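Chemist: I would like to see how this sequence folds:
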Amino acid sequence: MLALAGALAACSSPNPDLYTLAPAPGTPAPGGPATVVLHQVSIARYLERPDIVRSSENFRLEVMANDAWGEPVAPMISRVLADDLSQRLPGTTILNINGAITAKEDATVEVNVQRMDRDATGALAFVGQASVEPAQSARGVVTRTVRTSVPIASAATAEEVRAMSLAIGRLADEVAEMLRGTSTQRRRN
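Modeler: Numbering: from 1, shown residues only. Take a look at the predicted model:
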């Protein structure tokens with residue numbers, strides 16, 4: 001009986017290390033709309049997994065063994081992006097569409113994350129698309145593609161997650177600029 005218990009214990013896998021993205025500091029600047037609704041972030045299907053994707057280079061998906069996300073990736077990115085935008089846009093209320101609070105929005109934000117993993121050089125490659133739509137503006141929808149590369153200091157998973165957090169922060173910088181532009185345009189009309 002003890003031998004069977006020992007064999008079963010040897011076959012069990014260790015608990016995974018769980019990670020989460022964190023807000024990245026940015027430069028606060030006023031001028032955004034009063035209320036912004038952030039829609040659920042859409043992510044590339046290869047990123048929709050509990051295990052952290054290390055790389056998608058050379059037509060091969062490299063996934064971190066025993067390193068997993070502590071929450072689903074798309075809602076996590078939405079949560080962190082909302083925090084990043086709130087920090088960059090003082091005076092603007094950022095509401096996540098999946099949250100319990102609703103309000104009449106002055107603008108909406110939609111984001112697609114197309115890539116977020118290491119490239120051939122070992123840096124984090126991030127590609128995303130952002131769309132900002134003012135509620136009342138003749139200007140209409142403003143879209144932008146955001147491409148950035150963040151150096152990764154080591155092979156440690158925590159370093160890759162840190163780089164991902166910085167990439168989301170850079171996306172927030174671009175989206176905040178877009179929101180300020182639509183707010184300025186609305187005041188001119």
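Chemist: Can you show me the strands along the chain?
Modeler: 17-19, 35-38, 42-43, 51-55, 62-69, 93-96, 107-118, 124-134, 142-150 (DSSP state E).
Chemist: These into a markdown table, with extra columns for distance to Leu85, mean neighbour count and mean pLDDT?
Modeler: Every residue, glycine included, has its C-beta placed from N, CA and C. Formatted as a markdown table, these follow (distance: least, C-beta to C-beta, whole Å; neighbours: other C-beta atoms under 10 Å; pLDDT from 0 to 100):
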| stretch | distance to Leu85 | mean neighbour count | mean pLDDT |
| --- | --- | --- | --- |
| strand 17-19 | 22 | 15 | 96 |
| strand 35-38 | 7 | 23 | 96 |
| strand 42-43 | 17 | 19 | 97 |
| strand 51-55 | 24 | 19 | 95 |
| strand 62-69 | 21 | 16 | 93 |
| strand 93-96 | 5 | 19 | 94 |
| strand 107-118 | 8 | 21 | 97 |
| strand 124-134 | 11 | 21 | 97 |
| strand 142-150 | 14 | 15 | 97 |
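Chemist: Identify the residues contacting Arg118.
Modeler: By C-beta atoms under 8 Å, 6 or more residues apart in numbering, the residues touching Arg118 are Arg54, Ser55, Glu57, Leu124, Ala125, Ile152, Glu160.
Chemist: ugh, typo on my part, it should be Ile97
Modeler: Val37, Leu38, His39, Gln40.
Chemist: Return the set of residues that bridge with Arg144.
Modeler: Ala130 (DSSP bridges).
Chemist: can you pull the contacts of the spatially most central residue of the chain?
Modeler: With distances taken as C-alpha atoms, centre = their mean, the residue of the chain nearest its centroid is Ile77 (3.2 Å). The contact partners of Ile77, by C-beta under 8 Å, 6+ apart, come to Leu21, Val41, Ile43, Val111, Val113, Ile168.
Chemist: measure Gln40 to Gly99 for me?
Modeler: Distance, Gln40 to Gly99, using C-beta to C-beta, to the nearest Å: 11 Å.
Chemist: Give me the longest helix you can find in this protein.
Modeler: Identified as the longest helix of the chain according to DSSP state H is helix 157-188.
Chemist: could you give the angle of that helix to strand 62-69?
Modeler: Helix 157-188 runs at 80 degrees relative to strand 62-69, counting by axes from the mean of the first three to the mean of the last three C-alpha atoms, to 10 degrees.
Chemist: Just to check, Leu61 is in contact with Arg49?
Modeler: No - taking C-beta atoms under 8 Å as the definition, Leu61 is not a contact partner of Arg49, at 9.2 Å.
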